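[1] Any chance you could fold what I've pasted below:
(chains A and B)
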Amino acid sequence: MQDYKDIFRNGLWAQNPGLAQLLGLCPLLAVTGSVINGLGLGLATAMVLVASNATVSLVRHLVPQEVRIPVFVLVIAAFVTVVELLMHAYLYDLYKVLGIFVPLIVTNCIIIGRAEAYASRHRLDRAVLDGLAMGLGFTAVLVVLGAMRELLGQGTLLANAQFLLGDWARDLKLTVIPDYRGFLLAILPPGAFLGLGLLVALKNYIDGRRAPRHAQVVRPEPRPVS
Amino acid sequence: MTPLQAIVRPALVLGLFTLVATALLAVTDRYTRGPIAAAERAALLRTLNRLIPAGAHDNDLLADTLTLPPSPALGTRRPTTAYRARRRGRVETVAFTAVAPDGYNGDIVLLVAVHRDGRLAGVGVVSHRETPGLGDAIEASRGPWIRQFTGRALGDPPPARWAVKKDGGAFDQLTGATISPRAVVKAVKRALAWFARHREMLLAEDGATRVPADRHDPRRP
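    Just a heads-up that it's a prediction; the model follows:
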């Protein structure tokens, strides 16, 4: 049980892909203009991560050392293409908005990183949970950053929810600040960098305050080079 | 393991994985091809119906099409499709693609719908890369700006006033963005001029489905 708890604590907080490992920053910065865009790409990434971790864990004794990276890349690319086709078919509007960042999930180093550093060395159940935890951790950062930028930039939250959830969700849009003129910086790329910087700083601040009391050391995992 | 085995085994494993991955993709492609085509059609129809209301015609817009050759006057570099809205067989409105090549950030692709009398049924933005928060207000979902074209024609306003107000024209610009509106106004004007030149062909009631390439284009040598 303790193991499973650690897996989730690592994915969601201690080793969070967006805030601690700082992996996959390109999509993280590019699509976080709104909550729904962040949530959509986050969930797509999490799906690929769970599927690729599961597959890599299952075949880990079968794959010779020399070709493991090509095999992992092949597995990941196949799952990303499947997710892309499914989104194109069933989430057309969201697919159009996210554009190139859906196929680019292939190049997100969180995925190959978790395959190489974790899934290829652990049992199926742990690999799946690790994929889920890391995927949700990544999604959480995308959603929080998307919320910050959407709120500051446009004064709304959950605009275009129908892209992800279907027509009933049109009414989910919250106009938090009525008659807001918009704050361009938050929508443009600099807003993404500033927002992410603030989130990383906040995480470090919280960790720093908690460290003296608990005095627990998180054993760093081998970090993939990418 | 002999040296030969050490080479052959990884190759076989990699080959096997490639085979399985290809099979997975082939199956997914097979099952999503229909839904993807349906989603593309539905999205196109939604865009068209924003300009030509479903009640204004009695034919299937997506079935009654014309193939237009690439045209410098329309800014198109590839063949495009025009859609004809008919009532009792008579073509009432034609919707076609026009590209404004001089947006702030590259091409702005427009769908221009023109009634048979030369008045605009409306203009829609299909794709663009204008600045979010400034130039993107040309989109119908982000502001009323694009609606000012509805009902206009080549002589209304007169040709000299087919420009944004900053340039002495009749059309509003956007707060903080002049380049995107200027590009769109120019492209719409060119599209109307093109429509006037090809009116006969576009409104023909028979089954012509191709329009010959532009011959009298002023910008062609």
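
[2] and the residue positioned nearest the centre of chain A, which of the three is it?
    Centroid-nearest residue in chain A: A:Phe138, 2.7 Å away (criterion: C-alpha atoms, centre = their mean). Using DSSP: H, G, I helix; E, B strand; the rest coil, the structure places A:Phe138 in helix.

[3] Report the separation between it and A:Ile7.
    15 Å (C-beta to C-beta, to the nearest Å). The way it works is simple: take the backbone N, C-alpha and C, and place the C-beta from them, glycine included.

[4] same deal with A:Glu150?
    According to C-beta to C-beta, A:Glu150 and A:Ile7 sit 31 Å apart.

[5] pLDDT at residue 207, what is it?
    Using chain A here. As predicted, A:Asp207 sits at a pLDDT of 92.

[6] should've been chain B
    What the model reports for B:Gly207 is a pLDDT of 57.

[7] pLDDT below threshold where in chain B?
    By pLDDT under 70, the low-scoring segments of chain B are B:206-221.

[8] what does stretch A:14-22 contact?
    A:11, A:13, A:23-25, A:28, A:110, A:113, A:134, A:137-138, A:140-142, A:145, A:196, A:199-200, A:203, A:218, A:221, A:223 (C-beta atoms under 8 Å, 6 or more residues apart in numbering or on different chains).

[9] again with stretch A:199-212
    Under the criterion C-beta under 8 Å, 6+ apart, residues A:13, A:16, A:18-20, A:22, A:141, A:144-145 lie in contact with stretch A:199-212.

[10] those strands in chain A, which residues are they?
    A:156-157, A:174-175 (DSSP state E).

[11] quick one on the thing from earlier: filter the contacts of stretch A:199-212 down to the buried ones, PyMOL style.
    The following PyMOL selection, which keeps only the buried ones among the contacts of stretch A:199-212, applies the criterion 16 or more other C-beta atoms under 10 Å in any protein chain shown:
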select buried, chain A and resi 13+16+18+19+20+141+144+145
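
[12] Closest to chain B out of the contacts of stretch A:199-212?
    Relative to chain B, the closest of these is A:Leu145; by C-beta to the nearest C-beta it sits at 15.6 Å.

[13] can you tell me which residues contact the closest one?
    Applying C-beta under 8 Å, 6+ apart, one finds that A:Leu145 lies in contact with A:18, A:28, A:32, A:38, A:192, A:195-196, A:199.

[14] same question, A:Gly191
    Taking C-beta under 8 Å, 6+ apart as the definition, contacts of A:Gly191 comprise A:149, A:152-153, A:185.

[15] Over to B:Ile52?
    In this structure, B:Ile52 makes contact with B:61, B:83, B:85, B:93, B:95, B:113, B:121-122, judged by C-beta under 8 Å, 6+ apart.

[16] now swap in B:Gly103 and tell me
    The neighbourhood of B:Gly103, defined by C-beta under 8 Å, 6+ apart, consists of B:128-130, B:135, B:179-180, B:183-184.

[17] tell me which parts of chain B are close to chain A?
    B:9-11, B:13-14, B:17-18, B:21, B:24-25, B:28-29, B:32, B:35-36, B:39-40, B:42-43, B:131-134 (C-beta under 8 Å from any C-beta of the partner chain).

[18] Of the residues you listed, which count as buried by neighbour count?
    The neighbour-count test (16+ other C-beta under 10 Å) marks B:10, B:13-14, B:17, B:21, B:25, B:28, B:32, B:36, B:39, B:131-134 as buried among the residues of chain B next to chain A.

[19] picking that back up, okay, the residue nearest to the centre of chain A: pLDDT?
    In this model, A:Phe138 is scored at 95, pLDDT.

[20] So it sits against A:Ala46, correct?
    Yes - with contact defined as C-beta atoms under 8 Å, A:Phe138 reaches A:Ala46; the gap is 6.8 Å.

[21] Give me the common contacts of the two.
    Taking C-beta under 8 Å, 6+ apart as the contact definition, A:Phe138 and A:Ala46 share no neighbouring residue.

[22] mind listing what's buried in the biggest strand by length in chain B?
    Among the segments of chain B that qualify as a strand by DSSP E, the longest is strand B:90-103. Applying a neighbour-count criterion of 16+ other C-beta under 10 Å, the buried positions in strand B:90-103 are B:91-100, B:102-103.

[23] How many residues are close by the residue nearest to B:Thr150 when sequence neighbours are not counted?
    Taking C-beta to C-beta, 6 or more residues apart in numbering or on different chains, and ignoring the residues beside it in sequence, B:Thr150 has B:Gly122 as its nearest neighbour in space, at 4.8 Å. For B:Gly122, the neighbour count with other C-beta atoms under 10 Å in any protein chain shown is 21.

[24] packing partners for the helix or strand containing B:Gly122?
    Here B:Gly122 sits within strand B:120-127, counting by DSSP states H and E. Of the remaining helices and strands, those touching strand B:120-127 by 3 or more C-beta pairs under 8 Å, 6 or more residues apart in numbering or on different chains; DSSP states H and E are helix B:3-51, strand B:90-103, strand B:106-115, helix B:179-197.

[25] what sits up against that strand?
    Contacts of strand B:120-127 with the rest of the structure, by C-beta under 8 Å, 6+ apart, involve B:47, B:50-52, B:93, B:95, B:97, B:107-115, B:138-140, B:146-147, B:149-153, B:184, B:188, B:192.

[26] now stretch B:53-61
    With C-beta under 8 Å, 6+ apart as the criterion, stretch B:53-61 contacts B:45, B:48-49, B:52, B:83-88, B:92-93, B:95.

[27] In stretch B:38-57, which residues are buried?
    Using 16+ other C-beta under 10 Å as the test for burial, stretch B:38-57 gives B:39, B:44, B:47-48, B:51-52, B:57.

[28] Which single one of those is nearest to chain A?
    For chain A, the nearest member of these is B:Ala39. The distance, counting by C-beta to the nearest C-beta, is 3.9 Å.

[29] What residues does that closest one make contact with?
    Counting by C-beta under 8 Å, 6+ apart, B:Ala39 makes contact with A:88-90, A:92.

[30] Close to chain B: what parts of chain A are there?
    Near chain B, when you scan chain A using C-beta under 8 Å from any C-beta, you find A:33, A:59, A:62-64, A:66-67, A:70-71, A:74-75, A:77-78, A:81-82, A:85-86, A:88-90, A:92-93, A:96, A:153-154, A:182, A:184, A:187-188.
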